[in-house]
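Novice: How does the following fold in three dimensions:
(one chain, ligands or ions: 1)
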Amino acid sequence: MTTTIGAEFDSISEIYDSTRRAATEAELKAVSSELSECRTILDIGVGTGRFAKPLSDLGFEIVGIDISRKMMSKARQKGVENLILADAHNIPFKDRSFDASIIIHVLHLIPDWLNVAREMGRVTKNKVAALLRNRQREWNNATNVSGNSSATSPVFPELWTRYAQLREEMGYPIRRNRRMWQNEEEIRSKLPPMKLVKVSDEVVVMNISDLITRFQQRIYPMLQDIPIDVHNKIIQKLLSSIANADHNGKETTSTLREKQIERRIVEELAIWRPDQLRLG
Ligand SMILES: C[S@@+](CC[C@H](N)C(=O)[O-])C[C@H]1O[C@@H](n2cnc3c(N)ncnc32)[C@H](O)[C@@H]1O
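Specialist: Residues are numbered from 1 along each chain as shown. Down below sits the predicted model:
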């Protein structure tokens, strides 16, 4: 049996676009030039049409599938037309139906991504593309394209770890099959793409208060599968940890006293030939 957490996006469909940036010029340029010889594209986990809309404006014929009806209704409001409620584990199309398929910010949500990769390979004729984050580069100090050697601040793992610990203490441990970015690392090593295109490498600065607001708004599915009052209590505790870290100043080892957080974002576009994914 396959497990998926995508339907949880129904509950954040209203705020999704305001909490994620629009598809960037660099992302669209990479996708459209790599798929320039393709006309029909299946967008798997199309969501609110963040990519489907600009790609159809560029002339591609896009069909989107998703398991969240509400995310797709946002896409429909933007003018994305060909949308089908379907699970990426069982794509309701015949073999080689599309010139290309794309999957963007979805694979990290799917525990058995290998079956989804197989399905993508099955329904595609020419190229399968996935926009992936390169977490290793984001978390080490390798020099980025602008010559910076900045890495993502450890405040991110610290907040997530504290959130997870508090959930556990309150009797709501994070589900075991929850994975974040390990899938994308595994995909790179188990199914090496025929091409890996660098898309972006940048450092975004945000305030810790903005990060806490994101947690408060429950913009990630991992923050939603607990009762709201428990979630709110956890947020209060996180806020007091921040206040304590502030109070203790330099004596504390906690990263939560940082006010400005640097977040490095490294994105790559992986391209496979469909037959590379039609395993077994
Ligand atoms: C983080 S959003 C990404 C949406 C869009 N690709 C983007 O980049 O904005 C993940 C989307 O994948 C969908 N999803 C998750 N699991 C899925 C599955 N098994 N089959 C189809 N869609 C899925 C979710 O419902 C959600 O709309």
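Novice: all contacts plus neighbour counts: C-alpha atoms, from now on.
Specialist: Fine.
Novice: Flag every residue of the protein that's near the ligand.
Specialist: 4-7, 9, 45-47, 50, 65-68, 71, 86-89, 104-106 (Cα under 6 Å from any ligand atom).
Novice: Buried subset of the residues you listed as a PyMOL selection?
Specialist: Here is the PyMOL command that selects the buried residues among the residues of the chain next to the ligand (16 or more other Cα atoms under 10 Å):
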select buried, resi 4+6+9+45+46+47+50+65+66+67+68+71+86+87+88+89+104+105+106
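Novice: Sitting in strands, which of the residues of the chain next to the ligand do you find?
Specialist: 65, 66, 104 (DSSP state E).
Novice: Show me which of these is closest to residue 114.
Specialist: Nearest to residue 114 among these is residue 104, at 15.5 Å by Cα to Cα.
Novice: partners of the closest one in the sheet?
Specialist: residue 131 (DSSP bridges).
Novice: How about stretch 228-245, which residues are buried there?
Specialist: 231, 234, 235, 238, 241, 242, 245.
Novice: that older thread, kindly reformat the ones in strands among the residues of the chain next to the ligand as JSON lines containing distance to residue 208 and pLDDT.
Specialist: What follows is these, written out as JSON lines (distance: Cα to Cα, whole Å; pLDDT from 0 to 100):
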{"residue": "65", "distance to residue 208": "35", "pLDDT": "98"}
{"residue": "66", "distance to residue 208": "32", "pLDDT": "97"}
{"residue": "104", "distance to residue 208": "27", "pLDDT": "96"}
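Novice: And the pLDDT at whatever residue of the stretch 151-280 of the chain ends up closest to the ligand?
Specialist: Going by Cα to the nearest ligand atom, the ligand is nearest to residue 220 of the stretch 151-280 of the chain, at 8.5 Å. Note on residue 220: pLDDT of 77.
Novice: With residue 142 instead?
Specialist: pLDDT at residue 142 comes out at 52.
Novice: got it, and the one 3 residues further on?
Specialist: According to the predicted model, the pLDDT of residue 145 comes to 46.
Novice: now swap in residue 107 and tell me
Specialist: On the pLDDT scale, residue 107 gets 89.
Novice: Neighbours of the residue nearest to it when sequence neighbours are not counted, how many?
Specialist: Leaving aside its chain neighbours, residue 107 sits nearest to residue 113 (6.2 Å; criterion: Cα to Cα, 6 or more residues apart in numbering). The criterion is other Cα atoms under 10 Å. On that basis, residue 113 has 20 neighbouring residues.
Novice: And residue 14, by the same measure?
Specialist: 14.
Novice: Pull up the gap between it and residue 115, please.
Specialist: Distance, residue 14 to residue 115, by Cα to Cα, to the nearest Å: 30 Å.
Novice: One more: residue 85?
Specialist: 18 Å.
Novice: And the strand or helix carrying residue 211, how far out from the chain middle?
Specialist: Secondary-structure element containing residue 211, defined by DSSP states H and E: helix 208-216. Helix 208-216 sits 18 Å away from the centroid of its parent chain (Cα atoms, centre = their mean, to the nearest Å).
Novice: name the helices or strands packed onto it?
Specialist: Where contact means 3 or more Cα pairs under 8 Å, 6 or more residues apart in numbering; DSSP states H and E, helix 208-216 is packed against helix 228-248.
Novice: can we see that at 7 Å?
Specialist: Helices and strands touching helix 208-216, by 3 or more Cα pairs under 7 Å, 6 or more residues apart in numbering; DSSP states H and E: there are none.
Novice: What residues sit buried inside it?
Specialist: For helix 208-216, by 16+ other Cα under 10 Å, it's 208, 212, 215, 216.
Novice: Ignoring the adjacent residues along the chain, who's closest to the last one?
Specialist: What sits nearest to residue 216 in space, not counting adjacent residues and going by Cα to Cα, 6+ apart, is residue 235, at 6.6 Å.
Novice: Much appreciated, bye for now.
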